[in-house]
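what follows is a predicted protein model with its sequence.
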Amino acid sequence: HIILRGGKNPNYDSVDIALLEERLKEDNMDARLVVDCSHGNSQKDYRRQPLVFKNVVEQINNGNKSIVGMMLESHLDSGNQKVSDAESLKYGVSITDGCIDWQTTEALLEESYQDLKG
């Protein structure tokens, strides 16, 4: 499978995915796509992940069969923190990339489950 994580620009929308599907078809390759809702696709703003996620769910609901998965940066609490002072680290907050919190993740998964079982 191919993971779409964006770059200078996002690459998760239906136009970008259709272009990739066509390219893979030309090369006689199956399209099995996983969309990373973080990184370049969220324009490096973890708070935009739900927008990306919902867009991809909509594409699947509209009949896209190539998208086989999505990835989220998620943790117990939102945001991230520096490791400069181990004493001040907050439990449940990422020390790497910014993350959406568990409550947001759970709501996204429940909502998408309802949307996709349609």
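That came in fine, so what should we check first? Numbering: from 1, shown residues only.

which outside residues touch the longest helix along the chain?
What stands out as the longest helix in the chain, according to DSSP state H, is helix 102-117. For helix 102-117, the external contacting residues (Cβ atoms under 8 Å, 6 or more residues apart in numbering) are 50, 53-54, 57, 60-61, 72, 74-78, 100. Quick note: C-beta positions are derived from backbone N, CA and C, even for glycine.

return the distance of that helix from the chain's centre.
Between the centre of helix 102-117 and the centre of its chain there are 13 Å (Cα atoms, centre = their mean, to the nearest Å).

what of stretch 55-65?
14 Å.

and for stretch 24-40?
Between the centre of stretch 24-40 and the centre of its chain there are 13 Å (Cα atoms, centre = their mean).

list the neighbours of it that are in contact with it.
By Cβ under 8 Å, 6+ apart, the list of residues contacting stretch 24-40 reads 1-12, 17, 20-21, 41, 46, 49-50, 52-53, 56, 66-73, 97.

so where do the strands sit in the protein?
Under the criterion DSSP state E, the chain contains strands at 2-4, 33-36, 67-71.

determine which stretch of the ones you listed is the most buried.
Of all the strands of the chain, strand 33-36 has the most neighbours on average by mean count of other Cβ atoms under 10 Å, namely a mean of 22.

most centrally placed residue in the chain?
The centroid of the chain falls nearest to residue 37 when counting by Cα atoms, centre = their mean (1.7 Å).

what about the closest residue in space to residue 8 that isn't next to it in sequence, how many neighbours?
Among residues not flanking residue 8 along the chain, residue 40 sits closest, at 7.1 Å (Cβ to Cβ, 6 or more residues apart in numbering). The burial count assigned to residue 40 is 16, neighbours taken as other Cβ atoms under 10 Å.

dump the strands of the chain into a markdown table; add mean pLDDT and distance to residue 111 as well.
Formatted as a markdown table, the strands of the chain follow (pLDDT from 0 to 100; distance: least, Cβ to Cβ, whole Å):
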| stretch | mean pLDDT | distance to residue 111 |
| --- | --- | --- |
| strand 2-4 | 98 | 21 |
| strand 33-36 | 99 | 16 |
| strand 67-71 | 98 | 13 |
